[in-house]
Each structure stands twice: as structure tokens, then as C-alpha cells.
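Peer 1: Okay, sequence plus prediction incoming.
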Amino acid sequence: MRAIRSLALALPLALIAPMVVQPGTARADAGATQMGEDGEKNYDFGLKVRIELRMEDGTTVKHRGDMRTMGMDWRFEFDGADHHHVLVLNAEGKEGDKVMPLTLSYERDGMDVIAPYKSDWKTRKRETLWTTDGKLAIALTLIPYKFEHEDKSRDDKDKIIGNEGEDDDDPLGGNLFN
């Protein structure tokens with residue numbers, strides 16, 4: 001009789017014990033996604049870009065930006081010297097490259113000035129591209145850098161927390177715990 005009572009208590013505990021252990025294991029796995037296999041943080045490779053435009057009248061317009069993913073078009077829009085400038089860059093490269101293939105196009109005030117132009121650009125060195133008439137120049141400095149990989153596993157967190165009171169007819173809107 002005593003063995004049956006012990007079995008009746010031990011069986012539910014045996015079924016619950018794995019559930020108690022699982023949450024701790026899941027938290028350890030979540031931390032591992034931010035760390036690489038060798039224990040270092042995961043980094044992505046990108047470029048810091050220094051842009052300088054020399055206008056026809058000799059004035060210079062400067063802009064700085066980041067290209068965080070290689071192989072994508074990065075659009076840099078800025079104002080200067082009474083004009084609206086749009087420069088689109090696309091660099092193909094990987095960490096450690098000294099020279100990168102780069103495609104650029106430039107428009108000013110909605111008019112194309114330089115159609116997509118492809119060339120190899122040295123990293124960490126200021127390189128200049130002049131228009132055929134020699135009046136306008138674009139100087140670029142590409143500086144490679146590593147940035148910490150962003151964890152996007154909870155992109156919905158801001159949407160849930162940040163929308164308090166915005167939509168009155170939403171059954172999940174507002175604070176549910178009041």
C-alpha cells in the first residue's frame with residue numbers, strides 16, 4: 001500500500017520535472033544565439049562612407065553615412081549648396097578586402113548627373129571621380145568596420161509595448177493589467 005502511495009506521488013513529479021528544467025535551458029540557448037561558436041559576439045561587416053561633392057562654383061558639400069550590408073543599394077540624401085543631393089552606392093566586398101567593386105549614381109535636384117558608374121575603389125583612401133567636363137567631382141572614402149549583429153528575434157516587442165491607447169477599438173490596445 002505504501003509503495004502505491006509513493007508511486008502516486010513520484011509519477012506526477014517525474015512528469016513535471018522536465019518542464020521545470022526546460023525554461024533554464026531555453027534561456028541559455030537564447031544567449032548562445034548572440035555569441036559565435038568560438039564564444040565571441042557576432043559581428044557584421046559594413047562600411048563607413050565619407051562623401052564630398054565639389055560643385056561647379058568650387059563649394060564643397062560633405063556627408064557621412066554607413067553601409068551596413070554589402071550588395072545592397074544605399075541611398076544617401078542630403079542638402080547643401082542650395083541643392084538636394086542623392087547619391088546611391090552599392091559595394092560588393094567582404095571583410096579584409098583592400099579594393100572593392102563599387103557602383104554609384106548621383107542626382108542633383110531630381111536630375112541625373114552621373115548614371116550608374118562601376119569602378120574598383122580602394123578602402124581607407126580618398127578616391128575622386130570627376131565628370132567629363134571637369135566641373136563636378138565626387139570624393140569617397142570607404143572605411144571598413146564591424147558592427148554588432150542586431151538581434152531581430154523580437155521585432156514585435158515595440159509594436160506591443162509602444163501602442164498604448166492609440167487604437168480605442170482594438171481589444172488588445174491599452175494596458176490590459178489595470
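Peer 2: Ah, there it is.

Peer 1: how about stretch 62-70: buried residues?
Peer 2: For stretch 62-70, a neighbour-count test (16 or more other Cβ atoms under 10 Å) marks 63, 65, 67, 70 as buried. C-beta here means a position set from N, CA and C on the backbone, and glycine is covered the same way.

Peer 1: what comes into contact with that stretch?
Peer 2: Residues outside stretch 62-70 that contact it (Cβ atoms under 8 Å, 6 or more residues apart in numbering) are 44-53, 74, 76, 78, 80, 85, 87, 89, 91-94, 147.

Peer 1: Who does the nearest residue to residue 146 once chain neighbours are set aside form a beta bridge with?
Peer 2: Spatial nearest neighbour of residue 146, chain neighbours left out: residue 43 (4.1 Å); criterion: Cβ to Cβ, 6 or more residues apart in numbering. Under the criterion DSSP bridges, residue 43 forms beta bridges with residue 148.

Peer 1: just checking, residue 43 touches residue 144?
Peer 2: No: applying Cβ atoms under 8 Å as the test, residue 43 and residue 144 come out as separate, 11.7 Å apart.

Peer 1: Between the two, which is the more surrounded one?
Peer 2: Applying other Cβ atoms under 10 Å to residue 43 and residue 144 shows that residue 144 carries more neighbours, namely 18 against 13.

Peer 1: where does this structure dip in pLDDT?
Peer 2: Low-confidence segments of the chain, defined by pLDDT under 70: 1-41, 149-178.

Peer 1: any idea where the strands of it begin and end?
Peer 2: 43-54, 60-67, 74-80, 83-91, 99-108, 111-122, 126-130, 137-148 (DSSP state E).

Peer 1: Contacts made by the shortest one with the rest, please.
Peer 2: Strand 126-130 has contacts (Cβ under 8 Å, 6+ apart) with 50, 52, 104, 114, 117, 119, 121, 136-141.

Peer 1: just the buried members of these?
Peer 2: Using 16+ other Cβ under 10 Å as the burial test, the contacts of strand 126-130 include 52, 104, 114, 121, 136, 138, 139, 140, 141 as buried.

Peer 1: In a markdown table: these, plus distance to residue 127.
Peer 2: Shown next, in a markdown table, are the buried ones among the contacts of strand 126-130 (distance: Cβ to Cβ, whole Å):
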| residue | distance to residue 127 |
| --- | --- |
| 52 | 11 |
| 104 | 11 |
| 114 | 14 |
| 121 | 5 |
| 136 | 15 |
| 138 | 9 |
| 139 | 7 |
| 140 | 6 |
| 141 | 8 |
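
Peer 1: between those residues, which is closest to residue 58?
Peer 2: Among the buried ones among the contacts of strand 126-130, residue 136 lies closest to residue 58 (Cβ to Cβ), at 10.7 Å.

Peer 1: Apart from its chain neighbours, what residue comes closest to the closest one?
Peer 2: Using Cβ to Cβ, 6+ apart and skipping residues adjacent in sequence, the residue nearest residue 136 is residue 56, 5.9 Å away.
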